[in-house]
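S.K.: Turn this into a model:
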Amino acid sequence: MSLDPASLQVLLSRLAGVAEEMSAVLRRSAFSPNIKERADCSAAVFTVAGELLAQAENIPVHLGSMPASVLEAIARFGPSRPELERVMAGEHIIVNDPYAGGTHLNDITLVTPCFAPDLVGWVATRAHHADVGGSAPGSMPADATELFAEGLRIPPLKLTTEVRALVLANSRTPDERAGDLDAQVGANEVGVARLSGFVDAPLHEVLDYGERRMKAALAKLPEGSWRFTDVIDSFGPAVDQQVETAITVEMTIGAGEIGFDFSGSGPQRHGNVNAVESVTVSSVAYALRSVLDPTLPSNGGTLRPLTVVAPLGTIVNARPPAAVGAGNVEVSQRVADVCFGALACALPGLISAASQGTMNNVLIGGISTGDSVPWVYYETLGGGQGGRPLRRGMSGVHTHMTNTRNTPVEALERAFPLRVKRMRLRTGSGGAGLHPGGDGIERDLEVLEAVVLSLITERRVSQPWGMFGGEPGAKGENWLLPGGQESLAVQLPDKVTMSLAAGDVVRIGTPGGGGWGFNP
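M.R.: Sure, this is the predicted structure:
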């Protein structure tokens, strides 16, 4: 080491500051409520070889999978390519292909090299764009069985004027897409300017430090193997798709390393609840870092002692062209759940009960009549956090793989022809226990014009499990109130795409968290 501990910490903080500034620029300059209000975006900084140096405190499912997209971009346009194909200073690489390190098509990643004058490293932002085409507004149709139904698929390409025009032409909301893309460009340019100040910094020491810290943390864990299984409730709205699929992990700890093997998981499905490998790796990394020392640095070195086995063709590593819209938002949550479950077997008494286990995705889009301007609304809803070893779970919060905020009611109603009729906690939905699970929420949303609704939800059949004798949390519920009439209420499946008329109300009741500990 050439750095003393204080200098190393200063370097770590400076790098994290680059990512945090990029994230702030992206949010403050974005057009869509989904990014500027909900903060559904992420930023990170990488070495010349594409290894993660630092990240902002953004979305776990984004951040853990972003390195795979950066590596794909480098493989296509990096220094090893012929000169005419390389990315140059001032150019950007765009990619959203889930099978090229992405998550789902909505998440567009922008990767930019930093030259000063030689290549210093890379910066990247990932943002959830509310619509990138596909068969339904929001680009996450519940009935999708192939990726082609979910929108425009972009392999790693230079972001030229022509490529930008292609992206905008395939979205129902091109003006919003233009603003959000420009915000990503601005954030990356700020990141490049800041990273250029690290020309002589010993960046390898940041990664080596992360590796040492992780190995030290793993050395404190018991050695052995533990197995845990949970389920995904369904893989689509059709009757024959309302069948659960197992997600099973075997965790092995030993010799300063840890491995998570998903070979016992179910096959990929003819629906959209398939996850790509980068999403699974992201979920594993999140769960592990959540349980170990919270001061572990967020870089690629920290993940060197981690191995993930996700067999191709399973629900945790689908083959193309399987639809993957819900894999990113729902399978990721269940992968995190089973990892926490396995860790609880190895560390009894130290792990929380299951949280709500779903992002409760709500997508609504206006039906274009030629006179109206298309619009698309997307939001994930909070629920109950699992009861914890020392205190009860929090209520009405986003948990695990999502780290977004809620859209403020005032911003939502100003931006869209929607009205929030009611928003309250589902009192008693958290599982009972010595430390009860947090409660979910109940929200009634009225549509003020004819729309297309898509719901992508989970834990409507299975329940978030309790821990150490705690009771499970309540299942979530989806309801349609035609014309807002309670007497006509119809329960909706966990995944559905359908048309609504003006005045209809969608009621979403999100799951509670499991309880922790037996309550005598």
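S.K.: use CA for all of it now, contacts and neighbours both
M.R.: Will do.
S.K.: Look up which residues are beta-bridged to the nearest residue to R391 once chain neighbours are set aside.
M.R.: Leaving out its chain neighbours, the residue that sits closest to R391 by Cα to Cα, 6 or more residues apart in numbering is H435, at 5.5 Å. With DSSP bridges as the criterion, H435 is bridged to W516.
S.K.: quick one, strands of the stretch 51-200 of the chain?
M.R.: Assigned by DSSP state E, counting those that start in this stretch, the stretch 51-200 of the chain shows strands spanning 52-55, 93-95, 107-115, 119-128, 157-158.
S.K.: mind listing what the residue nearest to the spatial centre of the chain touches?
M.R.: Geometric centre of the chain, nearest residue: V61, 3.4 Å, by Cα atoms, centre = their mean. V61 makes contact with 103, 279, 282-283, 328, 332, 401-402, according to Cα atoms under 8 Å, 6 or more residues apart in numbering.
S.K.: what about 7 Å?
M.R.: The neighbours of V61, taking Cα atoms under 7 Å, 6 or more residues apart in numbering as the test, are 279, 282-283, 401-402.
S.K.: again with R269
M.R.: Here R269 is in contact with 235, 315 (Cα under 7 Å, 6+ apart).
S.K.: Give me the average confidence score over the longest helix seen in the chain.
M.R.: The longest helix of the chain (DSSP state H) is helix 5-29. Helix 5-29 shows a mean pLDDT of 97.
S.K.: can you give me the angle that helix makes with strand 119-128?
M.R.: Relative orientation of helix 5-29 and strand 119-128, computed by axes from the mean of the first three to the mean of the last three Cα atoms, to 10 degrees: 40 degrees.
S.K.: can you list contacts of the helix or strand following helix 5-29?
M.R.: Per DSSP states H and E, the first helix or strand lying C-terminal to helix 5-29 is helix 33-36. The contact list for helix 33-36 (Cα under 7 Å, 6+ apart) reads 27-28, 30, 40-41, 130, 378.
S.K.: hey, C-alpha coordinates of helix 33-36 in PDB?
M.R.: Taking C-alpha atoms only, helix 33-36 is exported to PDB below (Å, rounded to 0.1, in the frame of the first residue of the first chain):
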ATOM      1  CA  PRO A  33     -41.700  12.600 -12.400                       C
ATOM      2  CA  ASN A  34     -40.300   9.000 -12.300                       C
ATOM      3  CA  ILE A  35     -36.800  10.300 -12.100                       C
ATOM      4  CA  LYS A  36     -37.000  13.800 -10.600                       C
END
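S.K.: any idea how far P436 is from E205?
M.R.: 43 Å (Cα to Cα, to the nearest Å).
S.K.: which of those two has more neighbours?
M.R.: Set P436 next to E205 and count neighbours by other Cα atoms under 10 Å: P436 wins out with 34 against 17.
S.K.: Please name the spatially closest residue to the more buried one (chain neighbours excluded).
M.R.: Per Cα to Cα, 6+ apart, closest to P436 is G515, 4.3 Å.
S.K.: Pretty sure G433 is one of the things the one you found touches, is it not?
M.R.: Yes: at 4.7 Å, G515 counts as touching G433 under the criterion of Cα atoms under 7 Å.
S.K.: just to revisit the earlier point, of the contacts of helix 33-36, which pair is most distant in space?
M.R.: R28 and Y378 (18.6 Å; Cα to Cα).
S.K.: Of the two, which one has the most company?
M.R.: Using other Cα under 10 Å as the criterion, R28 and Y378 rank with Y378 on top: 23 against 14.
S.K.: what helix or strand is R507 on?
M.R.: R507 belongs to strand 505-509, assigned by DSSP H and E.
S.K.: list the helices and strands that strand packs on?
M.R.: strand 441-447, strand 477-481 (3 or more Cα pairs under 7 Å, 6 or more residues apart in numbering; DSSP states H and E).
S.K.: any idea which of those strands is most buried?
M.R.: Highest mean neighbour count of the helices and strands packed on strand 505-509: strand 441-447, a mean of 23 (counted as mean count of other Cα atoms under 10 Å).
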